[in-house]
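Asks: Structure of the sequence below:
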Amino acid sequence: MLATRSILRTVAQNPVAFRNSIATVHSYGVRHFNATPRRDEQCAAAESELLREQRKRRPVSPHLQIYQPQLTWYMSGAHRVTGAALGGLFYLSAMAYVAAPAFGVTIDTASIISSVAAAPFAAKFAAKTIVGFPFVFHCLNGIRHLVWDATKMLDIKDVYRSGYAVLGATAVGTIALAAM
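Replies: Numbering: from 1, shown residues only. Here you go, the predicted model:
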């Protein structure tokens, strides 16, 4: 403590002496390596060649090769895909609705109802199924995630049980929506 105070007092009284002492220590205590630009380029080229060779021998990520497929990661992936698909479908339809008048297309409730009414039942059922499945699955699986956020049903048996329940309810809900 006393030595620190005396050093600080000396620095405060004579800052030039302090700078000179640091420069002296720096010149003796630190080595400088001044590489030429050519040598830098050679080192970088050798290093990148070494890295390229190592990457060629490095194995591909083993997640698909060593893990057994499980319901949990299939449903996690499907939840992400259905969420992205529903969001993309929403934005594309909103942009089409806004941009349609610029292209001379009339989109109103009456024209939509008349075009859907003219379609055959199989086409309507298929379209409703294609839109209904991701909607029902994403909603039900989202509820499952909310239950997990409440720290319920987190043991592995309940996770699988709720997963199969979501799949079954998705099938029933999709058919119910498509049949309407």
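Asks: where does residue 4 land on pLDDT?
Replies: Each residue has a pLDDT score; the one for residue 4 is 61.
Asks: what sits against residue 159?
Replies: 72, 153 (Cβ atoms under 8 Å, 6 or more residues apart in numbering). In this view, the C-beta of every residue, glycine as well, is placed from N, C-alpha and C.
Asks: Could you look up the SS state of the most centrally placed residue in the chain?
Replies: Closest residue to the average C-alpha location of the chain: residue 80 at 9.5 Å, with Cα atoms, centre = their mean. Using DSSP: H, G, I helix; E, B strand; the rest coil, the secondary structure recorded for residue 80 is helix.
Asks: what about this structure, any weak spots by pLDDT?
Replies: 1-43, 61-65 (pLDDT under 70).
Asks: Now do the helices in it.
Replies: Under the criterion DSSP state H, the chain contains helices at 2-13, 15-29, 37-57, 63-66, 71-99, 109-118, 121-149, 156-179.
Asks: Next one: the closest residue to residue 132 other than its chain neighbours from residue 44, what distance?
Replies: The shortest distance from residue 132 to any non-neighbouring residue, by Cβ to Cβ, 6 or more residues apart in numbering, is to residue 177 (4.0 Å). Summarising the geometry, the distance separating residue 177 from residue 44, computed by Cβ to Cβ, to the nearest Å, is 60 Å.
Asks: Alright, calling it a day.
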